[in-house]
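K.L.:
One predicted model, sequence on top.
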Amino acid sequence: MATSAYAATDTAASTPRIEGRTACVIGAGFGGLALAIRLQSAGVQTTLVEARDKPGGRGYYWERDGFTFDAGPTVITDPDCLKELWALSGHDIAEDVELMPVMPFYRLNWPDGTNFDYSNDDASLRAEIERVAPGDLAGYEDFLRYSAGVFEEGYVKLGNKPFLDFASMIRAAPALAKYQAWRSVYSMVSSYVKSEKLREALSFHTLLVGGNPMTTSAIYALIHKLEKDGGVWWARGGTNRLVAAMVRHFERLGGTVRMHDPVVQVHTIGTFATEVETQSGWRERFHAVASNADIMHSYRDLLGRTKRGADQAKSLGRKRFSPSLFVVHFGLEGTWPGIPHHAILFGPRYKGLLDDIYEHGVLPQDFSIYLHHPTVTDPSMAPPGKSTFYALVPVAHMGKLAVDWEQIGPMLEKRILDEVGRRLIPDIHERIVTKFHYAPRDFAMDLNAHMGSAFSLEPILTQSAWFRGHNRDDVIRNFYLVGAGTHPGAGIPGVVGSAKATAGLMLEDLAK
């Protein structure tokens with residue numbers, strides 16, 4: 001097994017202590033929590049401020065009629081990046097949460113009835129490739145070597161290193177060129193395998209971090225190696241239990257959490273952030289301020305009274321943002337041992353559907369569904385004899401698709417449930433105990449997500465590394481970013497990696 005970017009890199013013994021300094025982290029999503037833990041572990045008195053009534057950001061959850069519904073994300077990869085957050089202070093993640101392996105990682109299903117169980121069990125995966133894509137096994141072997149190479153360069157070496165100037169990009173250029181980073185993931189996969197189904201199976205992962213497989217840099221092919229080495233995991237009780245564990249650990253270290261009180265302004269004097277002010281009127285001075293809030297919200301609203309905030313918001317407005325999501329949460333009578341934890345129900349189109357979502361901004365008649373069924377792994381997510389599900393489809397963000405989601409939502413919800421019923425659960429409507437949906441408008445309202453984007457900036461090459469939000473602001477010298485809008489990007493390993501990069505900068509600056 002290859003070494004994770006995180007394995008055994010930071011321990012309690014190696015963590016420097018910084019006393020007498022204070023920091024504020026805005027937003028208790030995974031990135032903000034990971035950053036707050038890192039700062040507090042190093043002795044920086046850290047206050048975490050969250051707008052909503054529960055922590056987690058996109059890892060929010062609801063409890064309805066005895067069912068637990070995670071908002072997402074549901075795929076936990078590279079558990080070492082999480083374990084390190086406890087190891088920093090000599091603790092063990094197992095004190096606070098149980099991580100359970102998920103197998104297969106995903107079941108991929110096509111309209112013609114073909115299934116493909118995707119996992120890191122070598123024998124099983126090769127048998128699946130031989131069955132679904134005979135003749136492509138040698139090509140897959142070549143792709144795996146490519147994926148291992150980009151994993152080493154793009155994740156292990158660069159995944160938690162900040163890109164603060166163009167020179168850092170130049171230094172990374174030879175590796176990016178070696179692995180043809182200008183090509184798309186789908187293009188690179190297609191150069192190795194000929195089966196369209198296998199091409200889809202090896203390229204869909206970018207959708208889980210907001211990227212179009214047809215345009216996202218081939219560097220993101222590293223996700224295959226990341227999953228192969230680290231596996232796919234589930235937190236017992238739901239992703240929300242992992243969030244709760246991070247909060248518990250942060251507070252154990254002496255950190256302060258301020259909930260249900262949105263930040264309204266980061267005050268500045270000259271090129272320094274000085275104070276954080278919330279809706280309730282609370283206002284406090286800090287040596288350093290970091291934002292895990294949406295990147296546009298951070299600059300346009302929280303720093304909106306500064307020239308830097310206005311200038312950066314204008315610049316961000318010209319960038320490409322990832323699509324949004326439409327998610328149907330539903331609880332069913334009965335249990336479904338034949339439906340795996342994660343399934344991808346591909347639609348009849350692949351590239352055409354992606355073009356509709358990413359380029360044309362239309363609501364297609366067809367869709368691909370990411371189906372989450374946690375009760376097959378963890379029955380505690382539903383009452384006895386019942387099952388928790390969500391069905392997720394990518395949709396264009398509100399800047400491209402301007403529809404009334406109050407009107408469209410119920411219709412799209414029914415179409416999605418109809419399709420799940422047609423493919424997997426024929427009497428789905430009769431079995432529904434409870435259901436609700438979450439639309440782009442909800443992302444915008446609840447998370448201040450720009451245009452309802454579910455993953456912040458789209459992960460194309462010209463919006464990666466130095467071209468993404470910088471982990472430390474270029475002008476306001478003690479204002480930092482963490483989360484999906486900054487390097488390296490979305491997904492749990494991505495935002496936890498951004499926290500490592502940002503914490504390194506903050507601790508270095510606070511130690512001066």
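P.N.:
Sure, I can see it. Every value quoted in this text rests on a predicted model; they were computed, and no experiment measured them. Numbers count the residues shown, from 1 in each chain.

K.L.:
Apart from its chain neighbours, what residue comes closest to Pro394?
P.N.:
Pro323 (4.9 Å; C-beta to C-beta, 6 or more residues apart in numbering). The C-beta positions use only the backbone N, C-alpha and C, and glycine is treated the same way.

K.L.:
what about Leu226, distance to Ser147?
P.N.:
9 Å (C-beta to C-beta, to the nearest Å).

K.L.:
Mind jotting down where the strands sit in the stretch 401-512 of the chain?
P.N.:
Remark: strands assigned in the stretch 401-512 of the chain by DSSP state E, counting those that start in this stretch are 432-438, 479-481.

K.L.:
Distance to Tyr350 added to these, as a markdown table?
P.N.:
Listed next are these as a markdown table, based on distance: least, C-beta to C-beta, whole Å:
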| stretch | distance to Tyr350 |
| --- | --- |
| strand 432-438 | 24 |
| strand 479-481 | 33 |
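
K.L.:
Can you tell me which of the ones you listed is packed in deepest?
P.N.:
Mean neighbours per residue, mean count of other C-beta atoms under 10 Å, is largest over these for strand 479-481, with a mean of 26.

K.L.:
contact partners of that strand?
P.N.:
Residues outside strand 479-481 that contact it (C-beta atoms under 8 Å, 6 or more residues apart in numbering): 266, 268, 273, 288-291, 295, 298, 303, 469-473, 498, 502, 505-506.

K.L.:
can I get the CA coordinates of the lowest-mean-pLDDT helix or strand in the chain in PDB?
P.N.:
The helix or strand of the chain with the lowest confidence, counting by mean pLDDT, DSSP states H and E, is helix 166-178 at a mean of 79. C-alpha atoms of helix 166-178 as PDB (Å, rounded to 0.1, in the frame of the first residue of the first chain):
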ATOM      1  CA  PHE A 166       3.000  31.900  -9.600                       C
ATOM      2  CA  ALA A 167       6.500  30.600  -8.900                       C
ATOM      3  CA  SER A 168       5.100  27.700  -6.900                       C
ATOM      4  CA  MET A 169       3.000  26.800 -10.000                       C
ATOM      5  CA  ILE A 170       6.100  27.000 -12.200                       C
ATOM      6  CA  ARG A 171       7.800  24.600  -9.800                       C
ATOM      7  CA  ALA A 172       4.900  22.100 -10.100                       C
ATOM      8  CA  ALA A 173       4.700  22.500 -13.900                       C
ATOM      9  CA  PRO A 174       7.200  19.700 -14.900                       C
ATOM     10  CA  ALA A 175       5.100  17.100 -13.000                       C
ATOM     11  CA  LEU A 176       1.900  18.500 -14.400                       C
ATOM     12  CA  ALA A 177       3.300  18.300 -17.900                       C
ATOM     13  CA  LYS A 178       4.600  14.800 -17.400                       C
END
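
K.L.:
Identify each buried residue in it, please.
P.N.:
Of all the residues in helix 166-178, those buried under the rule 16 or more other C-beta atoms under 10 Å are 168, 172, 175-176.

K.L.:
so how far is the helix or strand hosting Leu226 off the chain centroid?
P.N.:
For Leu226, the enclosing helix or strand under DSSP states H and E is helix 222-230. Mean C-alpha position of helix 222-230 versus that of the full chain (C-alpha atoms, centre = their mean, to the nearest Å) differs by 15 Å.

K.L.:
Against which helices or strands is whichever helix or strand comes after that helix packed?
P.N.:
Counting by DSSP H and E, the next helix or strand C-terminal to helix 222-230 is strand 232-235. Packing partners of strand 232-235 (3 or more C-beta pairs under 8 Å, 6 or more residues apart in numbering; DSSP states H and E): strand 76-77, strand 99-101, helix 239-252.

K.L.:
Ok, which of those comes nearest Ser464?
P.N.:
strand 76-77 (18.9 Å; C-beta to C-beta).

K.L.:
quick one: average pLDDT of whichever helix or strand comes after the closest one?
P.N.:
Note on strand 76-77: by DSSP H and E, the next helix or strand toward the C-terminus is helix 79-87. Here helix 79-87 scores 97 as its mean pLDDT.

K.L.:
Next, the residues that contact stretch 352-362 from outside, please.
P.N.:
212-215, 323, 347, 364, 366-368, 394-396, 399-401, 458.

K.L.:
Now do the domain split for this structure, please.
P.N.:
Here the domain assignment for the chain is 12-63+73-98+237-319+460-510, 106-230, 323-447, based on automatic domain parsing.

K.L.:
Could you give the average pLDDT over the last one?
P.N.:
The reference is to domain 323-447. Mean predicted confidence for domain 323-447 is 97.
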